[in-house]
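> Test case, fold it:
(one chain, ligands or ions: 2)
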Amino acid sequence: MSIAYTPWPAEIAASYREKGYWTDVPMTDILIRHQSERAEHRALICGERSWTYRQLELDAARLADSLLQLGVKPGDTALVHLPNVAEFYIVFFALMKLGVVPVNALFSHNRHELSAYAGQIQPTLAVVSSRHSLFADNEYPQALSQQYPSLQHWLVDGETSDEAPLGHSLAAAIKGELTATHIVSDNTVSGSTTHGHNDALRSWPELDASEVAFFQLSGGSTGTPKLIPRTHNDYYYSVRASAEICLLDRDSVFLCALPVPHNFTLSSPGALGVFYAGGTVVLAPEPSPMTCFPLIKRHQVTMTSLVPPAVTLWLQAAADDGSELASLQFLQVGGARLGESLARRIQPELGCQLQQVFGMAEGLVNYTRFDDSEWHVLNTQGRPISEDDEIRIVDENGQDVPRGTPGALLTRGPYTFRGYYNSPEHNQTAFDQDGFYRSGDVVVMTDDGYLMVVGRDKDQINRGGEKVAAEEIENQLLALPEITQAALVAMPDPVMGEKSCAFIVTTNPKLKTIAIRKHLRACGIADYKLPDRIETVDAMPMTHVGKIDKKALRQQIADQVHAQLQPQPEKDVLS
Ligand code: AMP
Ligand code: DBH
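Ligands and ions are numbered 1, 2, ... in the order given. As a prediction, the model looks like this:
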């Protein structure tokens, strides 16, 4: 059974094949293609551990073998929740070999998000890390398995305590050392000998590259997080084309410091682009200068990707000592709008070229190119990967606006999806009648086809690259009986660009911010989605059609923040 998705119209799919975008080669090829010539080249570094291309492929194959023995089958789905560790890629490639389709949740995601994903995909397998508090004991895994009986298999990365004998060790599964008592087949438990796998690597199921390889996560603007089916054909094209635009080769050394499942770090060109080109991926647990600068020096990193708030920290740290950055050739910045003044400082202060990247997990990715003018690099978010990325910029009536005029960005193309997973209703509004995806971004196109992101018409807060769907948090706020109305809006922040502010109307004048935050935490929402500020109002401003006027609320909080940022007049000491 394969995973259902909204296909591209047949004649368009045929043209994508004709033009060589879709090659009908599955993404497992990304490692396999290096197994003859570049097998001994360093592929991956994680702390003190490293993998050659041969070892990475072998580990993925062994893990796939272990999973087969456990009873995981092609067409199954998996919930993967791992931090920035090498095992993420081993699992990614192992599942792909088997035709098992994962959701790769962000490690900052919590019970609320994981349960929402599990509910949508009904996974057979969960791959989790004992480093996350959710998996320190068995309470949550048991609850999830009970709620979703399909969830039969758990693999755990990291130490597991005796009190939490959850599932199998991921490390043992990768080594092919699951003892046979773990492995149930035909309802009989075979002997207790250790399974030797080296000699018995299977031939994997034939993969169809037009099928879904994995689900990407949408930043979203709705009550439940939405899943984006990405096929081998479409995703592999975006990876290859991105690697080409970024001139990657086997000497490329990529520091992956943002979360590994993010579309930016996975495919723009990200770790997959670097693997495709035969370079080296170095993992960092997080993007702080203290962590990253020594890694850059030690491994002679040539490229990395950051969100704007991290750039601010890097500039501060480099002002003290940027000598460790000497090997860095270019820095990609994306996920949220990079201000021109920050952009301007990157080349002189970090000593590397800037590349702006404006992408989305749904598809379309734009890059500034290395031979672009300084103006384009500093002021635009680049232009699309492909000549066949179709862009429309429209006004509120859906009419195309002239170049240079802001409008809503609609797009379709060889790697932009055609529908969220199992969301027929939402898809009706997320796409126009011609299959263009409404990205929710307000952009301006320059005369020469570059895009500048100038705003947003989706109900989302972009918290320094981390996206918060307003409705998701409003629903949780409204679950408190004392809150009768709730609206989450963006408020300006000098470092993050935006933070979130929840306006509420409550029947309980004594309701404290701390109690609301406690409630949201108890809902199991990821920390980055917790409102940064909560404002109680007597009544919400309303639009003439009777909706909460979020524009007025954004203005109100922006004015308040602005007033607070003004230097306070000095107190007159005599009065
Ligand atoms: P996601 O849905 O999480 O994949 O986030 C994609 C969204 O992030 C885009 O639709 C934009 O709103 C935003 N975004 C990504 N890159 C940039 C950028 N360079 N400048 C401004 N916004 C960006
Ligand atoms: O923010 C994003 O989602 C993003 C940013 C840069 C992205 O998906 C991408 C590049 O591919």
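> doesn't residue 258 fall inside a helix?
No. According to DSSP: H, G, I helix; E, B strand; the rest coil, residue 258 belongs to no helix; its state is coil.
> per-residue pLDDT, residue 193?
Here, the pLDDT recorded for residue 193 equals 38.
> what's the answer for residue 568, then?
pLDDT at residue 568 comes out at 67.
> Same question for residue 112.
pLDDT, residue 112: 96.
> how much space between it and residue 134?
Computed as CB to CB, to the nearest Å, the residue 112 to residue 134 distance reads 11 Å. To be clear about C-beta, it is placed using only N, CA and C from the backbone, and glycine gets the same treatment.
> What's the end-to-end length of stretch 71-91?
16 Å (CA to CA, to the nearest Å).
> quick one: buried residues of it?
72, 74, 76-91 (16 or more other CB atoms under 10 Å).
> so of the residues you listed, which ones are in strands?
Using DSSP state E, the subset of the buried residues of stretch 71-91 located in strands is 77, 78, 79, 80, 81.
> Quick check: chain neighbours aside, which residue is closest to the residue of the chain found nearest ligand 1?
Proximity of the chain to ligand 1 (CB to the nearest ligand atom) peaks at residue 219, 2.7 Å away. Once flanking residues are discounted, residue 219 sits nearest to residue 467: 2.8 Å by CB to CB, 6 or more residues apart in numbering.
> measure residue 357 to residue 388 for me?
19 Å.
> ok, the two, which is more surrounded?
residue 357 (23 against 15; other CB atoms under 10 Å).
> Shouldn't the more buried one be within a strand?
Yes. Under three-state DSSP, residue 357 sits within a strand.
> what sits against the residue nearest to it when sequence neighbours are not counted?
The spatially closest residue to residue 357, leaving aside those adjacent along the chain, is residue 334, at 3.4 Å (CB to CB, 6+ apart). By CB atoms under 8 Å, 6 or more residues apart in numbering, the residues touching residue 334 are 264, 268, 305, 307, 356, 357, 358, 359, 381, 465.
> what's the burial count for the residue in the stretch 251-400 of the chain that ligand 2 sits nearest to?
Residue of the stretch 251-400 of the chain nearest ligand 2, by CB to the nearest ligand atom: residue 359 (2.4 Å). Other residues near residue 359 come to 24 when the count uses other CB under 10 Å.
> same thing with residue 171?
15.
> what sits against it?
Contacts of residue 171 (CB under 8 Å, 6+ apart): 87, 157.
> Now do the phi/psi pair for it.
phi -60, psi -40 (degrees, to the nearest 10).
> Against residue 421, how distant is the closest residue to residue 431 other than its chain neighbours?
Leaving aside its sequence neighbours, residue 431 sits nearest to residue 437 (CB to CB, 6+ apart; 5.7 Å). Using CB to CB, residue 437 is found at 14 Å from residue 421.
> contacting residues for the residue of the stretch 251-400 of the chain closest to ligand 2?
Counting by CB under 8 Å, 6+ apart, residue 359 has contacts 263, 264, 268, 334, 365, 366.
> Bridge partners for the last one, pull those for me.
In this structure, residue 366 has beta-bridge partners residue 358, residue 384, where bridges are defined by DSSP bridges.
> Return the residues of the protein in contact with ligand 2.
Within the chain, the residues that sit near ligand 2 (CB under 6 Å from any ligand atom) are 263, 264, 268, 334, 335, 357, 359, 360, 361, 365, 465.
> From those residues, pick the one nearest residue 1.
Of all the residues of the chain next to ligand 2, the one sitting nearest residue 1 is residue 361; the distance, using CB to CB, is 24.4 Å.
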